[in-house]
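Asker: Kindly generate the corresponding structure for this input.
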Amino acid sequence: MNQVIIIPAFEPDNRLIDYIIDLQLHDFMQIVVIDDGSGMDYDAIFNSVRTIGADVIRYPLNRGKGVAIKCGIRAAIKKYGEDVSIITADSDGQHLVSDVVKISDALEEKEDVLILGTRGFSGADVPWKSKWGNRFTSFFFKLTNGISCPDTQTGLRGIPSSLTTLALEEDGSRYEYEMNFLMDAAVTAKFKYIPIETVYENNNASSHFRPFRDSLRVYGRMIRFTLSSLTGAVADYTLFFILTMCFTFPHVQTIFAATILARLGSGVVNFQMNRHFSFRSKEPATMQASRYFVLFVGQMILSAGFVSLLSYVVPSLLAKIIIDTVLFFISYILQKRWVFKKGVIHEKEKEKILVGDHI
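Answerer: A predicted model of the protein is given here:
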């Protein structure tokens with residue numbers, strides 16, 4: 001199998017040069033390094049990287065790890081062909097060459113499986129924010145995707161050629177890109193987890209991860225989905241209030257008609273927001289709308305039925321909160337995996353993705 005190692009680098013030190021030499025000593029000769037806007041102060045390092053035989057792509061402004069990975073994949077495909085498989089590794093010494101060998105071997109065995117190098121986070125030198133941050137994101141991934149992933153934040157990944165187009169069209173420019181790719185890959189691909197060493201030097205001081213801002217990016221899709229749901233709820237109650245004031249039917253008929261019409265109106269709002277804002281889908285809307293309608297009606301029936309049953313055990317308001325919370329996460333999973341699932345990419349669209357933006 002034709003494999004290329006991609007290493008995004010932002011303001012690296014001399015460890016990057018040593019790392020590439022070590023990779024070459026282990027017969028990894030196809031290496032693409034992306035300078036993610038480090039600046040002129042790092043010319044010597046990247047010139048040395050180029051001198052020892054790695055391909056180097058440089059651009060002047062920092063655009064984020066996601067952009068760097070996609071830029072590297074395009075360069076690899078352009079030089080080595082569309083059947084190339086990708087191994088991504090970090091430039092700060094966290095990924096041992098021996099672990100890269102493990103990922104490479106696993107990628108050879110499982111050509112259509114996403115290979116993830118998973119860390120144990122059990123050592124005394126592991127920063128608490130990294131340990132608990134990964135536990136939370138793993139729980140979040142399980143909750144929103146229905147499958148387990150013990151290390152969602154790993155940068156050491158083996159991406160088979162069958163997933164490179166998905167990797168190129170994925171949303172996100174910075175650290176959120178890796179989580180978005182995992183969530184979308186989980187819809188169609190199987191994962192294989194390879195245990196690797198957990199390496200943190202100087203309490204991970206070289207990391208460029210910004211805890212607050214980048215965490216918001218990582219959970220951005222769920223945050224957008226939540227905002228969309230809240231907007232739909234506001235639209236539902238607003239329409240219900242307006243309609244009850246406008247209708248002149250008898251009381252029961254007014255409440256019934258206002259409830260149905262308000263829920264339908266809020267459903268249209270929610271569909272449009274999830275399509276364009278939450279999942280940023282580029283697929284045709286017709287089939288998505290029909291799938292959303294089926295989910296919408298099913299969720300409404302399930303909510304009414306289970307709230308009615310649970311209200312015999314707990315107060316009805318608490319029953320509604322419990323049931324609707326469960327249905328909220330189920331709805332998110334189904335919308336991501338079914339309603340707004342990424343479709344088959346046609347050849348013309350694939351060409352555009354492979355060309356990408358010119359840096």
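
Asker: Could you use CA atoms for every contact and neighbour count after this?
Answerer: OK.

Asker: Show me what secondary structure element comes after the helix or strand containing residue 19.
Answerer: Applying DSSP states H and E as the criterion places residue 19 in helix 15-25. Counting by DSSP H and E, the next helix or strand C-terminal to helix 15-25 is strand 31-36.

Asker: May I have that next one as PDB, with CA atoms only?
Answerer: In PDB, the C-alpha atoms belonging to strand 31-36 read as follows (Å, rounded to 0.1, in the frame of the first residue of the first chain):
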ATOM      1  CA  ILE A  31       6.800  12.500   4.200                       C
ATOM      2  CA  VAL A  32       4.900  15.800   3.700                       C
ATOM      3  CA  VAL A  33       5.500  18.600   6.300                       C
ATOM      4  CA  ILE A  34       3.200  21.600   6.300                       C
ATOM      5  CA  ASP A  35       4.400  24.800   7.800                       C
ATOM      6  CA  ASP A  36       1.200  26.300   9.100                       C
END
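
Asker: I'd like to know which elements the helix holding residue 19 is packed against.
Answerer: On a contact count with 3 or more CA pairs under 8 Å, 6 or more residues apart in numbering; DSSP states H and E, helix 15-25 meets helix 43-51, helix 97-109.

Asker: what's the neighbour count on residue 40?
Answerer: Per other CA atoms under 10 Å, the neighbour tally for residue 40 reads 9.

Asker: same question, residue 194
Answerer: Counted with other CA under 10 Å, residue 194 comes out at 16.

Asker: Next, the buried residues of stretch 60-71.
Answerer: 62, 64, 65, 66, 67, 68, 69, 70, 71 (16 or more other CA atoms under 10 Å).

Asker: what mean pLDDT does the host helix or strand of residue 6 have?
Answerer: Residue 6 is part of strand 3-9 when elements are defined by DSSP H and E. Averaging pLDDT along strand 3-9 gives 96.

Asker: Pull the residues that contact that strand.
Answerer: Here strand 3-9 makes contact (CA atoms under 8 Å, 6 or more residues apart in numbering) with 28, 30-36, 38, 65, 68-69, 72-73, 76, 84-91, 104.

Asker: Now the buried members of those residues.
Answerer: 28, 30-36, 38, 65, 68-69, 72-73, 76, 84-91, 104.

Asker: in the stretch 101-250 of the chain, which spans are strands?
Answerer: All strands of the stretch 101-250 of the chain, identified by DSSP state E, counting those that start in this stretch, fall at 113-118, 157-159, 190-195.

Asker: Would you mind pulling up the elements that the shortest one packs against?
Answerer: Read it as strand 157-159. Counting contacts by 3+ CA pairs under 8 Å, 6+ apart, strand 157-159 packs against strand 85-88, helix 97-109, strand 113-118.

Asker: relative to strand 190-195, how tilted is the last one?
Answerer: This means strand 113-118. If you take axes from the mean of the first three to the mean of the last three CA atoms, to 10 degrees, strand 113-118 sits at 30 degrees to strand 190-195.

Asker: Report the backbone C-alpha coordinates of strand 113-118 in PDB.
Answerer: Output of strand 113-118 as PDB, limited to C-alpha atoms (Å, rounded to 0.1, in the frame of the first residue of the first chain):
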ATOM      1  CA  VAL A 113     -10.600   0.900   8.400                       C
ATOM      2  CA  LEU A 114      -9.700   4.100  10.200                       C
ATOM      3  CA  ILE A 115      -6.700   3.400  12.400                       C
ATOM      4  CA  LEU A 116      -6.400   5.400  15.700                       C
ATOM      5  CA  GLY A 117      -3.400   5.500  17.900                       C
ATOM      6  CA  THR A 118      -4.900   5.500  21.400                       C
END
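
Asker: check contacts around residue 80.
Answerer: By CA under 8 Å, 6+ apart, the residues touching residue 80 are residue 2.

Asker: hmm, back to that, need the strands of the stretch 101-250 of the chain in a markdown table with mean pLDDT and distance to residue 234, can you?
Answerer: Formatted as a markdown table, these follow (pLDDT from 0 to 100; distance: least, CA to CA, whole Å):
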| stretch | mean pLDDT | distance to residue 234 |
| --- | --- | --- |
| strand 113-118 | 93 | 40 |
| strand 157-159 | 96 | 41 |
| strand 190-195 | 93 | 38 |
